[in-house]
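# sequence-free structure coming up:
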């Protein structure tokens, strides 16, 4: 199976990081840097220099990554002068582990206290780092539990309550967004469902995105793209899997951009 490279101007212009660069968005500073092959320098998103051509641009998660790739810091915006907040990443990771282990959502104040931050500061840092609020992250964890329970619970209703939903209606309000298909089709391994997919690369490794006509049904990360495809086949053995076309790869570019810079949103 072939993987696709995300280096064409079309893909760059669909990446949300490119929109941040075009807008010279100061809020994106510290989330990523971008390099320009024609000049050999890398810049922060808000750099006031003339906008580079997209075919010359690459994105990097950090200054160190850009310098390892052979680029030097821009003397105008001085991207390597950004001050990192030590310990913040560890606090956010600790909060994620707490949310993953919690059967019910702790209050923002309680969660912030557990990681040693004020509620407002913690909420801002969490959203900046994860691209989600703590409540949204907790909801995504509940959705993942639901997927797991659907594959092994005695009934759909059992799976819904075992995952932590207070009622059936709360789940069915978001069924398409959570599963990308009807719950009964998901439970039957994607029966009667056509799923389009594409595989690419990001800084975290291989990434697979799959979508049915009702919504996204899988976003997977791993070291081996073939393993990601096998996992998709195992999860949906009764679905019709269709390799991604060019239009679908534009969705892939947006997903990759979100993985690289969650602060910019999706």
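Structure's in. What do you need? These figures come from a predicted structure and were not determined experimentally.
# can you find the helix or strand in the chain with the smallest mean pLDDT?
None of the helices or strands of the chain scores lower by mean pLDDT, DSSP states H and E than helix 9-14, at a mean of 70.
# ok, now which ones touch the residue nearest to residue 187 when sequence neighbours are not counted?
For residue 187, ignoring the flanking residues on the chain, the nearest one in space by C-beta to C-beta, 6 or more residues apart in numbering is residue 150 at 5.0 Å. Placement of C-beta: from N, CA and C, glycine included. By C-beta atoms under 8 Å, 6 or more residues apart in numbering, the contact set of residue 150 is 156, 159, 179, 183, 186-187.
# which among those residues gets closest to residue 36?
Nearest to residue 36 out of those is residue 179 (C-beta to C-beta; 41.7 Å).
# surely residue 80 touches residue 63?
Yes: contact criterion C-beta atoms under 8 Å: residue 80 and residue 63 qualify, at 4.6 Å.
# what comes up buried for stretch 227-247?
By 16 or more other C-beta atoms under 10 Å, the buried positions in stretch 227-247 come out as 228-229, 232, 235-236, 239, 241, 244.
# repeat that for stretch 93-101.
Going by neighbour count (16+ other C-beta under 10 Å), the buried part of stretch 93-101 is 95-96, 98-99.
# got it, and stretch 253-260?
Going by neighbour count (16+ other C-beta under 10 Å), the buried part of stretch 253-260 is 253, 255-260.
# how distant is that stretch from the center of its chain?
Remark: stretch 253-260 is offset 6 Å from the chain centroid, using C-alpha atoms, centre = their mean, to the nearest Å.
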